[in-house]
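In: predicted model and sequence below, questions to follow.
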Amino acid sequence: MMWHMDDKRQIAPPSIMFKEASGVSDDAWRREVAGMNFEERGRNLEGLKKIQEKKDRLIAELEEKLKRAGYDVLTGLPARARFEEQARDVLLTQKPDASQSLKYIMLDLDGFKEINDTGGHEAGDRALELFAETLQQQLPENAIFGRVGGDEFAIIMKWDGDNADLRDKLRQGLWEPFLMREGKFALGASIGVAPFKYDDEFGDRLDENLKAIQAESDNGIDGVYSDKEQKHQRLDIVREKAGLPLLKDNPALLKR
């Protein structure tokens with residue numbers, strides 16, 4: 001994937017930015033240490049500690065810069081406040097008739113709690129990074145994409161077609177398991193689509209729409225939240241590919 005520094009695009013998380021700035025990849029780091037014998041490792045331990053300290057310090061500085069700029073440290077996406085600013089600004093750059101085709105899309109991850117419960121928070125963090133990267137690939141260059149909650153995302157983009165087709169397009173990258181160190185995981189998304197309208201109540205409306213996703217009520221949004229069975233069926237398709245227990249056969253998993 002290409003990492004973009006454009007104001008309205010995902011930017012590289014600190015770990016990626018460090019690798020690009022230093023030219024040191026994780027694989028190169030491991031190979032360097034693995035190639036040392038015991039005595040060499042001992043002699044170089046202090047040097048390695050200093051390098052690690054420098055790396056940690058640089059990443060911390062990059063994280064602080066991201067936060068100050070309004071970006072989510074984990075995914076590199078605009079955070080909630082930054083996303084709302086960009087939502088306001090987008091109307092200033094759109095012709096009046098063009099705004100009619102702008103869509104406001106809300107996404108709430110399905111299956112994320114299970115990843116956190118079984119793989120721990122590190123696995124959950126990696127799942128969020130992978131999800132953001134996967135979804136980014138389905139979006140046009142000028143889309144605004146932000147992380148607006150723990151496992152909640154929002155998009156503003158131009159779309160003239162059917163809303164159901166838009167949801168299908170956004171899910172294209174979610175039909176295969178996510179491969180991580182902890183194993184294979186299935187991750188889906190409940191998606192709602194509404195005409196984009198920015199006003200003083202945009203932030204409150206964002207909260208209401210995200211709550212509607214979680215409560216599986218439509219809240220006036222063209223979405224699929226009322227169809228819980230359909231959501232479980234989508235997840236089971238991916239779970240079967242991953243060799244995971246199916247939701248339809250394990251009701252206890254539905255509580256996660």
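Out: Yep, it's here. Everything numeric in this text was worked out from a predicted model, so none of it was measured.
In: and Glu61, how far from Leu109?
Out: Distance of Glu61 to Leu109, given as CB to CB, to the nearest Å: 30 Å. C-beta coordinates here come from the backbone N, C-alpha and C atoms, glycine included.
In: which one of the two has more residues nearby?
Out: A count of neighbours by other CB atoms under 10 Å puts Leu109 above the other of Glu61 and Leu109, at 22 against 12.
In: tell me the SS of that one?
Out: strand (DSSP: H, G, I helix; E, B strand; the rest coil).
In: and the strands in the protein?
Out: For the chain, strands defined by DSSP state E occupy the ranges 102-110, 144-147, 152-158, 178-180, 183-185, 188-195, 222-223.
In: looking at those, which is buried most?
Out: With neighbours defined as mean count of other CB atoms under 10 Å, these peak in mean count at strand 144-147, which reaches a mean of 25.
In: just checking, what packs against that strand?
Out: Helices and strands touching strand 144-147, by 3 or more CB pairs under 8 Å, 6 or more residues apart in numbering; DSSP states H and E, are helix 80-92, helix 112-136, strand 152-158.
In: partner strands of that strand, with direction?
Out: Using DSSP bridges, the strands paired with strand 144-147 are strand 152-158 (antiparallel).
In: who's in contact with the partner strand?
Out: 77, 83, 86-87, 90, 98, 101-109, 131-132, 135, 139-140, 142-148, 170, 189, 196, 206, 210, 213 (CB atoms under 8 Å, 6 or more residues apart in numbering).
In: can you rerun that using 6 Å?
Out: Residues outside strand 152-158 that contact it (CB atoms under 6 Å, 6 or more residues apart in numbering) are 87, 101-108, 143-148, 196, 210.
In: which one of the helices and strands packed on strand 144-147 has the lowest average pLDDT?
Out: Mean pLDDT values for the helices and strands packed on strand 144-147 show the minimum at helix 80-92, a mean of 84.
In: so which bits of that helix are buried?
Out: Arg80, Arg82, Phe83, Glu84, Gln86, Ala87, Val90, Leu91 (16 or more other CB atoms under 10 Å).
In: report the inter-axis angle for it versus strand 152-158.
Out: For helix 80-92 against strand 152-158, the angle by axes from the mean of the first three to the mean of the last three CA atoms, to 10 degrees is 10 degrees.
In: mind listing residues that contact helix 80-92?
Out: With CB under 6 Å, 6+ apart as the test, helix 80-92 has contacts from Lys8, Gly70, Ile144, Gly146, Val148, Ile156, Tyr198, Gly203.
In: ok, now stretch 230-246?
Out: Counting by CB under 6 Å, 6+ apart, Asp110, Gly111, Pro177, Lys184, Ala186, Gly188, Leu247, Lys248 sit against stretch 230-246.
In: list the buried ones in that stretch?
Out: Lys231, His232, Arg234, Leu235, Asp236, Val238, Arg239, Ala242, Leu244.
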